[in-house]
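*Asks:* below are the sequence and a predicted model; questions follow.
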Amino acid sequence: MAKGKVLILLTFVFALLVAGCGKGKSDEEKAAEAMLKSLASNANVVEEGSPEDKLGDIRNFVTSDIWNSGFIDVSNFIRRGTGSTGETLDIDFTMERLAKSMEQKKEYDEYINGLGEEYADIKSVWTKLSGEIDKLYEHLKQNPPKANTTDEGFDTALFQQYSEAFRDDVTELISKKQ
């Protein structure tokens, strides 16, 4: 996802540079050229397939598939009978998608557990986060979500705490590689 944004930005900056060819460079063109050089030197710092790249994918998976398309919609459905943005929500479909995400999570559990000692901090946070994801999902399987109810057992506070820590740790790890 970030690579796509970098590509769009690089294309835009390149177009600015090409448009300015044949005449003296303006301050904007000079700034664009400097930005292009900086982006080009940083664009591929995290090598594709590296642990940092994979951890970035896992971080995005937790945010997108588990939280945005899963737990936050379920939580809102339980409380309000709608999705997280107030739209109609097919809870059965949401639960089916969450089940698929849980299958993917198993692969990520194996990957993270196989990382070396230099990733001990991230592994520790992932252990807490993964366990909390499993706990919440198991709760939903045992207690299918019902609209406009109170479900005290579906509390996402610890998930949020652990997922923020995981996101921050992975982001920090990636920035150290840049």
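*Replies:* Looks like it arrived, so ask away. Just so you know, these numbers come straight off a predicted model, no measurement behind them.

*Asks:* CA only for contacts and neighbour counts going forward, please
*Replies:* Will do.

*Asks:* residue nearest the centroid of this structure?
*Replies:* Central residue of the chain (CA atoms, centre = their mean): N60, 1.7 Å from the mean position.

*Asks:* backbone dihedrals for that residue, please?
*Replies:* Dihedral pair for N60: phi -70, psi -40, per degrees, to the nearest 10.

*Asks:* likewise for the one 3 residues further on?
*Replies:* Listed backbone geometry of T63 is phi -70, psi -50, with angles given as degrees, to the nearest 10.

*Asks:* please shift the residue numbers so they start at 26 in all later answers.
*Replies:* Renumbered: residue one is now 26, and that last one reads T88.

*Asks:* pLDDT at the residue lying closest to it once chain neighbours are set aside, what is it?
*Replies:* Closest residue to T88 apart from its sequence neighbours, by CA to CA, 6 or more residues apart in numbering: S188 at 7.9 Å. On the pLDDT scale, S188 is placed at 98.

*Asks:* tell me, how many residues neighbour S188?
*Replies:* Residues lying near S188 (other CA atoms under 10 Å) number 23.

*Asks:* which residues does it contact?
*Replies:* V87, T88, L154 (CA atoms under 8 Å, 6 or more residues apart in numbering).
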